[in-house]
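A.B. asks: Sequence first, then the predicted structure, then my questions.
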Amino acid sequence: MENSLRDRVALVTGGGSGIGRAAALAFARAGARVVVSDVDPEKGAETVRMMPASSTFIPADVSLRPEVEQLIGRTVDLCGRLDCAFNNAAVEGAIARMHEYPDEVWDRLIGVNLKGTWLCMKYELRQMLKQGKGAIVNTSSTAGHVGSRGRMSAYIASKHGVLGLTRTAAVEYGAQGIRVNALCPGAIRTPMTDRLLGADPERAERMAQFIPMARFGTPDEVAEAAVWLCSDAAAYVNGLALPIDGGYLAH
Ligand code: NAP
C-alpha cells in the first residue's frame, strides 16, 4: 500500500506500543505525515524515533477533554489538516467477575476506551467537517461482537460501545464526506496480550487452538487494515466493523 496515503495527515492514538506503534509505522510507509500520540511520552517518542523526520509525537491522555482538544488543535496547527484518525488507545482493566469488578477500574476503563474514543472523534469530526473529507478508524475488538467468560466485562462493554459510536458516526457524517469504520482484532501479540497472559506460554497455546488459523495475529496485520480503511481503496466503505481475527468470529 505504498503511497496510498501520500500527502495525507494521519493521527494515531496509543501509538507508543503494540498495534498503535505498528500502525504509526504503516501509515508512514503509506506516505502519510504521522502524528503519534500516547499517554506515555517515552514510548511515544520511541515510536517517532523509528519513523521519518516529518513524524511528530504529541502526548495526550484520551480520557481528558482538554488534552484531546489540544491534541487535535496542535495536529492541525502543525500539519494544516487531519485526513486520517486511528483512535486506538485503550486499557484492558481488571480481571474480575462482574459482581466483583472494582468501581474505580470500571470508571477508568470506560473513561479511556469509550469516552476517550468519543472525545477523539468529537474533535476530529469538527476538523473533518471543515475540510469536507476525512476517514476515522476506531479500534474495537472481537470483544465488541461477543461476550466471553474471561472476566473482562468493562472491556467488553467498552468495545461494544466503540462499535455503537462507529456505526452512529458513519450514519451521521457519511453524507459529509467522512467515513467511520472499526477494526475488531482478535488475539494479537502485543504488550497488552502479554500482560493478560502473564508468563504462561501454555495458556497462549491453548488460546490459539480456538482460532481457526491456529495462531495469534501480529500488530502489522492489524495496522495494514487501518491504512487500507483510511485509503481511497476503501472509498465506499463506511460503518464497517472489520474482524481481523484469523476466523475467530466465524465460529
Ligand atoms: P498496548 O500494547 O497496551 O498499547 C496501548 C497503548 O495505549 C499503550 O501505549 C498505552 O499506554 C496507551 N494508552 C493507554 N491509556 C491511554 C490513554 N488514556 N491515553 C492515551 N494512550 C493510552 O495494547 P494493544 O494490544 O496494542 O492494543 C491497541 C488497541 O487494540 C486497543 O484498543 C485494544 O483494546 C485493541 N485490541 C487489542 C487486542 C490484542 O489482542 N492485543 C485485541 C483486540 C483489540 P500505557 O502502556 O502507558 O498504558
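C.D. replies: Thanks, I have the structure now. For clarity, every value in this text was computed on a predicted model and none was experimentally measured.

A.B. asks: Can you tell me the SS state at Gly147?
C.D. replies: coil (DSSP: H, G, I helix; E, B strand; the rest coil).

A.B. asks: Help me confirm that it comes into contact with Lys159.
C.D. replies: No. Counting by C-beta atoms under 8 Å, Gly147 does not reach Lys159; the two are 10.7 Å apart. In this view, the C-beta of every residue, glycine as well, is placed from N, C-alpha and C.

A.B. asks: Pull up the per-residue confidence for Met1.
C.D. replies: pLDDT for Met1: 75.

A.B. asks: give the contact list for it.
C.D. replies: Ala26, Arg29, Ala30, Glu224, Val227, Trp228, Ser231, Ala233 (C-beta atoms under 8 Å, 6 or more residues apart in numbering).

A.B. asks: at 7 Å what do you get?
C.D. replies: Ala30, Glu224, Val227, Trp228, Ser231 (C-beta atoms under 7 Å, 6 or more residues apart in numbering).

A.B. asks: sorry, back to before: looking at Gly147 and Lys159, which has the bigger crowd around it?
C.D. replies: Lys159 (25 against 11; other C-beta atoms under 10 Å).

A.B. asks: what's the closest non-adjacent residue to that one?
C.D. replies: Excluding its sequence neighbours, the residue lying closest to Lys159 (C-beta to C-beta, 6 or more residues apart in numbering) is Gly144, at 3.7 Å.

A.B. asks: For the nearest residue to Arg167 once chain neighbours are set aside, the count of nearby residues, please.
C.D. replies: Leaving aside its chain neighbours, Arg167 sits nearest to Gly239 (5.2 Å; criterion: C-beta to C-beta, 6+ apart). Residues near Gly239, counting by other C-beta under 10 Å, number 16.

A.B. asks: what's the answer for Ser140, then?
C.D. replies: By other C-beta under 10 Å, neighbour count at Ser140 equals 28.

A.B. asks: That one touches Gly164, doesn't it?
C.D. replies: No. Between Ser140 and Gly164 there is no contact under C-beta atoms under 7 Å: 9.6 Å.

A.B. asks: which parts of the stretch 1-150 of the chain sit against the ligand?
C.D. replies: With C-beta under 6 Å from any ligand atom as the criterion, the stretch 1-150 of the chain comes near the ligand at residues 13-14, 16-20, 38-40, 43, 61-63, 88-91, 112, 116, 139, 141.
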